[in-house]
Each structure stands twice: as structure tokens, then as C-alpha cells.
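Colleague: Kindly return the folded structure for what I paste below:
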Amino acid sequence: MGSLENKTMVLSLLLAMFGLFPDKISAEFRRFEQNIGGDGTLRFLVVGDWGRNGDYNQSEVASQMGRIGEELDIHFVVSTGDNFYDNGLKGEDDPNFLNSFTNIYTATSLQKQWFSVLGNHDYRGDALAQLSPVLRKIDRRWLCLRSFVVNTEIAELFFVDTTPFVRDYFVNPEDHIYDWRNVIPTKRYTFSVLKDLESALEKSRARWKIVVGHHAIRSVGHHGDTPELVQSLLPILRAHNVDLYMNGHDHCLEQISDTKSPIQFFTSGAGSKAWRGDVKDLNGNDLKFFYDGQGFMSVRLTQSEAEIRFYDVFGRVIHSWSMSKMLHADI
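Modeller: Presented below is the predicted three-dimensional model:
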């Protein structure tokens, strides 16, 4: 990021800190309708931490996503954040958008809507650029917002902007410059996110409730659990019978079961660069699966069944999990 861009970002941060964006602090969840039609089965892929101009096996993962996407006849793709490395996009005209997204995920099966959240690396660039409708004109598949809801016939997906929750990015930025425009004062913003998420979950009558964020609530990978989310987000998920939480951030694939509810935590952050051998304790009884290589995840949902599969860089199924829900007859 050049010196002019640095100064612009710092100026934006100072303006936000002095409250000159008072009308922008809002986390109201926009809703999008996704028609699945056909046999009433919802199918989608989940990938995170990918945008590296095809390097670190990003292109190979993309190729296998295309093959599996065709086999499953997916409806859309979910991106769990850190969409563009190392420092997000520089602006709406940054060629990294084409080089790391449009020109990589070229398979016919992947020409569906991509629902994306911001990761911490995205906040190191021009975060507003990724949210801009200009990118949707460049590639109609792209849809990235801070927090939003996707409603399908049998499931609702609640996308949550988790980066502003993490204190270290503010108190220990490690010489990185973050684009905090429209999210400062942070306490006000994160309170709004939680309040609007809780309201959306309360109103939901979906058969399946899925929450998507960049940061892990539970992880045995490099970053581990995110204490701020364990404290503030997890109680809301438990209270509103959320079934699945999906995230990226740790460059691995993993499944962990909650100890106090049926929630399953799925990490899919292996879209390009993986962290081999960078793992914490693997002996917990709640850990169901961990893989420190590249890959992605598929989700298949019906009214009564959920099936999750993890794939490696060669498209091989390396873990699968399923669960059933009782169907209640009308009285």
C-alpha cells in the first residue's frame, strides 16, 4: 500500500474516531432470497482464505471446486473471508479482483452467486471496495457485505462481520493499517451486529440455521479459539438453536462439536496457502476432524438431512459428517 493510500486510510480512521461518520454505524442485516427449486435440496460449496493470484494451489483447489460443483449441481458458493491477500484490494479497479477471483474460478459450475464476508486481511486494504456494487458490475457473481442474511426454502444463512470484534487488531496491529471506516466506535458497531443478528435469528423459521463468519469460535489451528466470539457470539447461537457455524481464518479444514449444544463448528480456510503442522491440541473429545492441507467443503441440506464433506486439493473426500432432524407431522 503506497504512502498516499496510507495517509488516506489514516485520515479515514481519524475521522471515524471523532464521530464524523455517525450515520454509517449500522449493522442492519440485508436479506437476499435464494430460490433452490428442483428437488428441494440445497447444495453449496464453502471456501476461505483463497485470493493469491492462483498461487499456493489456489488454482488447483478452484479446479476441484468446479468438478465437485458440477457433480452436486450447486446453487451458490460461500466465501469465509480473507478474499484477497495480503492486504485486501487497493480499490474498485484493483487487478487483484480479476487475477484472484474472476480468472481463477472459471468452471461453469462456479458461475453462480458468491456470498462473501470480509476477513482481517480484507480490512488491511480498501474494505469499502469489496462492498462496492461496482465489483458486481465487473463480475455479477460477487456479493460481499459486512453482515447479511441469505434465505432459501429450507435454510437461512446469517453472515456476520467478525473482524471488528477482535481487540488485537486495534491494540496490537503489528504495523498493519486497517480500514475501520463505518465500524468505529467499535463497541457501538459490534453491539449493533449482535443485536441485529439476534433479532434475525428470533424471526427465523428456517429448518436449518447457519451462521458464517471469518473468525473461528472454536479451532485447534494456528489462531485457535476467538475469545471475543466465545464470549459474545456463541451464547446467541446456543440460545437460538443455530445448527452450524462456518468460518475461515485458520488455513485448515476442521470440525469441532460444541460441548453445550448441538452446534457444529466447521473451518474451511484452506483455499490456497495452508499451514502444515501448525496445530494446537488434537486430543480433545470435541474435535471430530482436522486437516492441515488445502481444500474446501460442500454442504447438502434437505428438510430432514444435513451432509457435510471436506475435499483435499485433489478433490478427494477426506471427511464427511451427517445428521438428521425429525420431521413433525402437521396436526
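
Colleague: Check the gap between residue 220 and residue 276 for me.
Modeller: According to Cβ to Cβ, to the nearest Å, residue 220 and residue 276 sit 14 Å apart. Quick note: C-beta positions are derived from backbone N, CA and C, even for glycine.

Colleague: Show me which of the two is the more surrounded one.
Modeller: residue 220 (22 against 10; other Cβ atoms under 10 Å).

Colleague: tell me, how many neighbours does the spatially closest residue to residue 169 that is not a sequence neighbour end up with?
Modeller: Closest residue to residue 169 apart from its sequence neighbours, by Cβ to Cβ, 6 or more residues apart in numbering: residue 178 at 5.7 Å. For residue 178, the number of neighbouring residues by other Cβ under 10 Å comes to 22.

Colleague: Residue 199 sits in which helix or strand?
Modeller: In the assignment (DSSP states H and E), residue 199 maps to helix 186-203.

Colleague: right, and the helix or strand after that helix?
Modeller: Heading C-terminal from helix 186-203 (DSSP H and E), you reach strand 208-212.

Colleague: helix, strand or coil for residue 173?
Modeller: Taking DSSP: H, G, I helix; E, B strand; the rest coil as the rule, one finds residue 173 in the coil state.

Colleague: Same check on residue 164?
Modeller: From three-state DSSP, the assignment for residue 164 is helix.

Colleague: What ranges does the stretch 201-331 of the chain have for its helices?
Modeller: Assigned by DSSP state H, counting those that start in this stretch, the stretch 201-331 of the chain shows helices spanning 227-232, 234-239.

Colleague: can you give me the offset of stretch 266-279 from its chain's centre?
Modeller: Stretch 266-279 has its C-alpha centroid displaced from the chain centroid by 14 Å (Cα atoms, centre = their mean, to the nearest Å).

Colleague: How about stretch 211-224?
Modeller: With Cα atoms, centre = their mean, you get 10 Å for stretch 211-224.

Colleague: so residue 159 sits right up against residue 143, yeah?
Modeller: No. Under the criterion of Cβ atoms under 8 Å, residue 159 makes no contact with residue 143, lying 9.8 Å away.

Colleague: Tell me who's in contact with residue 114.
Modeller: 76-79, 105, 141-143 (Cβ atoms under 8 Å, 6 or more residues apart in numbering).

Colleague: now for the residues you listed, which pair is the farthest apart?
Modeller: 105 and 143 (14.0 Å; Cβ to Cβ).

Colleague: Same drill for the two, tell me which one is more crowded.
Modeller: residue 105 (25 against 20).

Colleague: Just the helices from the stretch 1-150 of the chain, written as ranges.
Modeller: 3-17, 58-72, 96-97, 127-131, 133-138.

Colleague: Tell me the spacing between the spatially most central residue of the chain and residue 196.
Modeller: What sits nearest the mean C-alpha location of the chain, by Cα atoms, centre = their mean, is residue 80, with 2.1 Å. According to Cβ to Cβ, residue 80 stands 20 Å off from residue 196.
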